[in-house]
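Participant: Predicted model follows, preceded by the sequence.
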Amino acid sequence: MADHQEIRRNVWLSDAGGVRYHLRALCHRRRRWRAFRDTVATWFAAWRPPCQRLVLVGPSAGHTLPLAQMHGFSEIVALEPDPVARRWLAWRAHHLPLHFDAIDVLSGATPLRPLRTAFPDAAVLFCNVLGQVAPAGGGRWHERLADSLAGHHWASYHDVISTDVRPLAGAGPMSCDARRLETVLERFWPGGQLALVDHETFRLAGPSQPADYALWPLGPDRWHLIEWVVHRPPVGIGPVGAADRTPLTPPPDP
Ligand SMILES: C[S@@+](CC[C@H](N)C(=O)[O-])C[C@H]1O[C@@H](n2cnc3c(N)ncnc32)[C@H](O)[C@@H]1O
């Protein structure tokens, strides 16, 4: 129960969701976040899952999403607990076949499992959410994803680390198959000690899957290292099961 309350409070007030996040987006989306948004658009364009339906988990108001590129889907389902974000996203995505569902696929004893059962044929995009929310039952998302979504096409961009240490000038997006986080960090920050928050998502699709990295300058003194990974199901593996649904809980009044 405490975990759920913590998540709700973060949704409303943290830098990663809610009002404070929307204010940051208003300030920085067009200029400071521009290069990062372009990078997410490039990653998304290269993904091309062979699915008619797309599920967006944690899209917020789509501040960093390439909505203009989402035309190819016959249905887009957004799972987002923030009511302000939902309204804003609905307005921004009015040209898309987008609707909202109140199912919470990140909480409960078996998080992610509801995605498999409620959206068996859909591709899933985790929209910078898995580095913000921990699995309710403990552990890491790596194992949950491998257990529950092996038969799905899914992709995720997510925080790997965040820090207030300025990165190297000109450190741009890159692909990297390094097994050690330190190896990736060396490409973005000068050597030596780096004070950081580890979001425990490094190599989220598993060590054998390639990953891409880019910097997201959240604000003037805060940088997030974002990872992009893609999972394609092995031929012959598909999801099965009946739907179990936990409703998304809206954030409390501030
Ligand atoms: C960093 S923001 C996402 C940013 C977004 N991709 C963008 O383009 O601006 C994380 C989002 O995850 C959402 N979130 C938190 N818990 C969630 C849950 N259980 N299911 C779906 N979304 C959730 C938050 O409301 C917030 O909008």
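Facilitator: Cool, got the structure. Residues are numbered from 1 along each chain as shown.

Participant: gap between Pro83 and Phe73?
Facilitator: 24 Å (CB to CB, to the nearest Å). From N, CA and C alone the C-beta is placed, and that goes for glycine too.

Participant: do the same with Asp121
Facilitator: 12 Å.

Participant: Out of these two, name the residue with the larger neighbour count.
Facilitator: Phe73 (18 against 11; other CB atoms under 10 Å).

Participant: can you pull up the bridge partners for the residue nearest to the more buried one when sequence neighbours are not counted?
Facilitator: Closest residue to Phe73 apart from its sequence neighbours, by CB to CB, 6 or more residues apart in numbering: Leu54 at 4.5 Å. The residues listed as beta-bridge partners of Leu54 by DSSP bridges are Ile76, Ala123.

Participant: I'd assumed Trp91 was in a helix, is it?
Facilitator: Yes - assessed with DSSP: H, G, I helix; E, B strand; the rest coil, Trp91 lies in a helix.

Participant: coming back round to it: got a list of what the residue nearest to Phe73 touches?
Facilitator: 70, 73, 75-77, 122-125 (CB atoms under 8 Å, 6 or more residues apart in numbering).

Participant: where does Leu56 land on pLDDT?
Facilitator: Note for Leu56: predicted pLDDT of 98.

Participant: thought it was touching Ala85?
Facilitator: No - with contact defined as CB atoms under 8 Å, Leu56 does not count as touching Ala85 (11.0 Å).

Participant: how far away is His63 from the ligand?
Facilitator: 3 Å (CB to the nearest ligand atom, to the nearest Å).

Participant: That residue: neighbour count?
Facilitator: 21.

Participant: Once you drop chain neighbours, what's closest to it?
Facilitator: Nearest to His63 is Ala25, by CB to CB, 6+ apart, at 3.9 Å.

Participant: What segments of the chain are helices?
Facilitator: 2-13, 18-28, 34-47, 83-92, 113-118, 141-148, 181-185 (DSSP state H).

Participant: Around the ligand, which positions in the stretch 1-150 of the chain sit nearby?
Facilitator: Within the stretch 1-150 of the chain, the positions near the ligand by CB under 6 Å from any ligand atom are 7, 11, 16-17, 57-60, 62-65, 79-82, 85, 104, 106-107, 127-129, 132-133.

Participant: Out of these, which sit inside strands?
Facilitator: Residues of those located in strands (DSSP state E): 57, 79, 127.

Participant: wait, what's in contact with the second one?
Facilitator: The contact partners of Leu79, by CB under 8 Å, 6+ apart, come to 55-58, 100-101, 103-105, 248.

Participant: For it, give me the pLDDT.
Facilitator: Reading off the model, Leu79 has pLDDT 97.

Participant: again with Gly138
Facilitator: So, for Gly138, pLDDT stands at 87.

Participant: ok, the nearest residue in space to Arg24 that is not next to it in sequence - contacts?
Facilitator: Take Arg24 and drop its neighbours on the chain: the residue closest to it by CB to CB, 6+ apart is Gly219, 6.2 Å away. Listed by CB under 8 Å, 6+ apart, the contact set of Gly219 reads 15, 24, 27-28, 32.
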